[in-house]
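# Attaching a predicted model along with its sequence, questions to come.
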Amino acid sequence: MKKHTLIFFFEMERAVENKKIIDDNKTLLDQPTTGIQNNPWRTIFIYLVFGFAWILFSDRILEVLIPDHQQYQNFQTYKGWIYVLFTAGLLYVLIRMDNRKIFTLNYRLTEKNQDLVVFSEEMIAIEEELQNKIEALNHSMASLEKHKTYIEGIYNNSSTVIVIWNLDGIILEVNDHYTTLLGYEKEEAVGKSVDMLLASDEHFSLEEHVTDLVTKGYLKNYEHLIVTKSGAVATMLWNDKVMNAPDSDETYVVSFGIDITLEREKEKQIIELAYKDRLTGLKNKVVFEQELNELIDRNQCFALYYIDFDNFKNLNDVLGHDYGDQFLLEYSKAVDEILDQGHLYRWSGDEFFITELTDDESHIRETIDQLMKLTKRKWHVSKMEYYPSISLGITRYPSDGITVTELLKNVEMALYKSKEAGKGQCRFFDTSYKEEVARLIHIESSISRIIQNQAFELYYQPIFQLDNLEITGLEALLRWNMPDLGINTGEFIDVAERTGQIVEVDRWVIDEAFRFVKDHFTDDKFHLSINLSTKSLISSTLLPTIEEKLQAYGISSHLVEFEITEHSLIDNFDQTLSVIRSLKDLGFNIALDDFGTRFSSLNYLSKIPFDTLKVDKSYIDHVTTDGKDRLIVEQIIQLSERLGIKTIAEGVEYPEQRKALELMKCSYGQGYLMSRPINKTQICDLLKAERTKGEN
Ligand code: C2E
Ligand code: MG
Ligand code: MG
């Protein structure tokens, strides 16, 4: 803009100068023209003067010079000739002088004309240039205008609050969003202190803020609350920039503010969700572990209580989960109220933790007493009376352990021991548990190493038809190829189940077992049994995994049987039943494993579409020695047969056991007597031999 203006003025000056030159030339031209115009009169005047003088004086001079009349007459004639000659000469001189002047004038005129042509051409060029400049200027002005409108649009329509204020803290200008968000009109804000929009904050000083701003030139991404005209408070994210006014030396500050109230609220909700238990509002396991670490860091003595309800699932099963939840909510509130130096956390389901800042045993016993009394109180759930019972495990820092892992294992072990002792019991961690705890920690870290190294292997134990000892199927059993870790599969599975690592393990087993079926089961002669843990059964990923693998390996689902334990049914009946049904729909067989180890509810057999029932080894062990066990096994076999369920006896170790089972009409058996679990190469050889035997 400035550049254009300068050029414009420069051109204007040039034009004015050129005009001056033209005017000067005009004056110059005017002067000689006047001289030429006067010339004829001058010539005539000279001619008249000469003529009169001749007539007046020539005769008198001739009379004096020539007295003779005759001669005088002759000389009169000569005088006339002389007069003609003189006047001709005079005219010649005068005309020539005029001509010369005209010529000179013409010459100068031509010159001036040429100058004029040049000037006028220049003028046209300048005018054209000027016109172009004016057009460009107009264009720039129009685009500047557009730009201004555009910037104003952004300024006023942006969802950012823009406040321009001077270093005295006085508001100079605000944009439209300011008025929308704060409810103040522009006139109400301009001239006031920026303080008016900020929520009072004892840590904030405008003076310090300005000093900081002036030193740095800007302040980025700082949060400050604002108060609207209606008194509402909003969280704003501010960015301030110190700037100089374009037309003066004045310094001012532009503050850009974004309303992040919603984001902060959402963040708060997310944090609450992440750290608070949804049902009870108590701190969850994440916070629990964090705070446990903090207590240890501060080396503060504390007691850790682990509460677990006895048979809580009965309440859920009878009244439904909503009532179970309602009870847990009320119970947690009541416990929270009786704790003065303690903190209550929800671990999961019906499990809670308490940390209490004390190492005084009598205080701890008092708390236990209060908890037990509170629990034994009559509770009402869904207008029904409910008498809950809890098991309690207690450990102390630092006397029992000094790390979170150690303390958690201790308290878990103490709870386990109190559960072992029956319902409504409480146990303090005892140093005699230390070995067990150490082993638990060892198993957990071993499992992690095995999982990390994917060092799994599947062994296969054949299942035989007891009368002719033909192999009818195999059970896939988990092993790992790592230096002896001193743990067996049962322990591995138990701990992996507790830690949740089992889901990953079972996924690997399913993949490997399906691959085995694809590679080695060329006909329908054998089936393969795969164990499924409770955690896997209720995991949302189980069915999609099985379907995915089924499709990937393209095997027939009826060649696979999934073994589930009673344990899974007791803990999550509805969910387990629904998974079993889905598996059946996919064409898989289902076996009830370890039958007889728990409650052995025959009810399950009629409610769940089992194909196979596996009688637990603990019965088979005494089938030849204990009349009662023998009777039970006999009854189970007969009942299963009537229900169309095939029976497999587990852990057959002696020929007498096999004989007894055969007599009881138990069709199938599995045990060290016939074969131990063996590796893939060995089982392949065995299957090959079995096929050849069949062909012969
Ligand atoms: P289970 O499913 O009841 O498997 C049978 C267990 O009895 C196997 O123990 C097997 O080696 C053992 N066994 C078979 N015949 C005899 C015998 O005559 N005498 C003795 N003393 N034992 C016999 P293993 O392999 O140690 O597995 C223990 C348990 O671990 C299994 O019991 C099963 O519940 C679980 N398990 C094994 N593999 C897996 C797996 O891949 N996934 C899951 N979720 N659990 C598995
Ligand atoms: Mg099994
Ligand atoms: Mg079993």
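Arrived safely, thanks for sending. Ligands and ions are numbered 1, 2, ... in the order given.

# On the pLDDT front, check Lys628 for me.
Looking at Lys628, its pLDDT reads 88.

# Adjust the sequence numbering to begin at 56 for everything that follows.
Shifting the count to begin at 56 puts that one at Lys683.

# Check the gap between it and Leu660 for me.
Taking C-beta to C-beta, to the nearest Å as the measure, Lys683 falls 20 Å from Leu660. (C-beta placed from N, C-alpha, C; glycine too.)

# When these two are compared, which one has more neighbours?
A count of neighbours by other C-beta atoms under 10 Å puts Leu660 above the other of Lys683 and Leu660, at 18 against 9.

# Surely the more buried one and Asp666 touch.
No: contact between Leu660 and Asp666 fails when scored by C-beta atoms under 8 Å: they sit 11.5 Å apart.

# Quick check: neighbours shared by these two?
Ile700 (C-beta atoms under 8 Å, 6 or more residues apart in numbering).

# Give the next helix or strand downstream of the biggest helix by length in the chain.
The longest helix of the chain (DSSP state H) is helix 124-212. Remark: after helix 124-212, the chain's next helix or strand is strand 215-221, criterion DSSP states H and E.

# Residues touching that next one, excluding its own?
Residues external to strand 215-221 that are found in contact with it (C-beta under 8 Å, 6+ apart): 210, 226-230, 232-233, 236-237, 244, 249, 252, 291, 305-314.

# ok, of the residues you listed, which come out buried?
Among the contacts of strand 215-221, those scoring as buried are 226-227, 229-230, 232-233, 236-237, 244, 249, 252, 291, 307-314 (criterion: 16 or more other C-beta atoms under 10 Å).

# Backbone dihedrals for Leu513, both of them.
For Leu513, the backbone dihedrals are phi -110, psi 130 (criterion: degrees, to the nearest 10).

# Asp405 versus the closest residue to ligand 2 within the stretch 256-405 of the chain, what's the distance?
Shortest the stretch 256-405 of the chain-to-ligand 2 distance, computed as C-beta to the ion: residue-wise this is Lys368, at 23.6 Å. Lys368 sits at a distance of 8 Å from Asp405 (criterion: C-beta to C-beta).

# Endpoint to endpoint, stretch 633-650 covers what distance?
Distance between the boundary residues of stretch 633-650 (C-alpha to C-alpha, to the nearest Å) amounts to 20 Å.

# Just the buried residues of it, please?
For stretch 633-650, a neighbour-count test (16+ other C-beta under 10 Å) marks Val634, Ile635, Leu638, Lys639, Phe643, Asn644, Ile645, Ala646, Leu647, Asp648, Asp649, Phe650 as buried.

# quick one: low-confidence parts of the stretch 306-455 of the chain?
Low-confidence segments of the stretch 306-455 of the chain, defined by pLDDT under 70, are absent; every residue clears the threshold.

# Could I get the full set of helices for it?
Using DSSP state H, counting those that start in this stretch, the helices of the stretch 306-455 of the chain run over 316-330, 340-352, 367-374, 376-393, 416-431.

# near ligand 1, which residues of this structure show up?
Residues of the chain lying close to ligand 1 (C-beta under 6 Å from any ligand atom) are 516, 531-533, 543-545, 548, 561, 564, 586-588, 618, 648-649, 705-708, 725-727, 732.

# Give me the buried entries from those residues.
516, 531-533, 548, 561, 564, 586-588, 618, 648-649, 705-707, 725-726, 732.

# Okay, and which of the residues you listed map to helices?
Those of these mapping onto helices are Ile548, Asp561, Val564, per DSSP H.

# Tell me the one of those residues nearest Gly375?
Checking these against Gly375 with C-beta to C-beta, the nearest one is Asp561 at 29.2 Å.

# thinking that closest one is in contact with Thr589, fair?
No: between Asp561 and Thr589 no contact is recorded; they are 10.5 Å apart, counting by C-beta under 8 Å.

# Tell me which residues touch Gln425, please.
Residues counted as contacts of Gln425 (C-beta under 8 Å, 6+ apart) are Ile393.

# Tell me which other helices or strands the longest helix of the chain touches.
The elements that helix 124-212 packs onto, with contact taken as 3 or more C-beta pairs under 8 Å, 6 or more residues apart in numbering; DSSP states H and E, are helix 57-120, helix 231-237.

# Out of the ones you listed, which gets the lowest mean score?
If you rank these by mean pLDDT, helix 57-120 sits at the bottom with a mean of 66.

# And the pLDDT for Ser591?
For Ser591, the model assigns a pLDDT of 89.

# Not counting sequence-adjacent ones, nearest residue to it?
If you skip the residues right next to it in sequence, Ser591 has Asp561 as its closest partner in space, 4.1 Å away by C-beta to C-beta, 6 or more residues apart in numbering.

# if I pick the closest residue to Phe581 other than its chain neighbours, what's in contact with it?
Using C-beta to C-beta, 6+ apart and skipping the chain neighbours, the partner closest in space to Phe581 is Gly528 (5.4 Å). Taking C-beta under 8 Å, 6+ apart as the contact definition, Gly528 lies against Pro517, Ile518, Phe581, His582, Leu583, Ser584, Glu616.

# Name the member of these with the most neighbours.
Top of the contacts of Gly528 by neighbour count (other C-beta under 10 Å): Ile518, with 26 neighbours.

# my read: it touches Tyr723, true?
Yes: taking contacts as C-beta under 8 Å, Ile518 lies within contact range of Tyr723: 5.7 Å.

# Need the residues touching each of the two.
Shared contacts of Ile518 and Tyr723 (C-beta under 8 Å, 6+ apart): Thr527, Ile703.

# In strands, which of the residues of the chain next to ligand 1 appear?
Within these, residues falling in strands by DSSP state E are Gln516, Ala531, Leu532, Leu533, Asn586, Glu618, Asp648, Asp649, Glu705, Gln725.

# Tell me the one of those residues nearest Thr679?
Distance to Thr679 across these (C-beta to C-beta) is lowest for Glu705, with 15.3 Å.

# contacting residues around that closest one?
By C-beta under 8 Å, 6+ apart, Glu705 lies in contact with Asp649, Lys669, Val670, Asp671, Lys672, Ile675, Gln725, Gly726.

# redo that, cut-off 6 Å
With contact taken as C-beta atoms under 6 Å, 6 or more residues apart in numbering, Glu705 is in contact with Lys669, Asp671, Lys672, Gln725.
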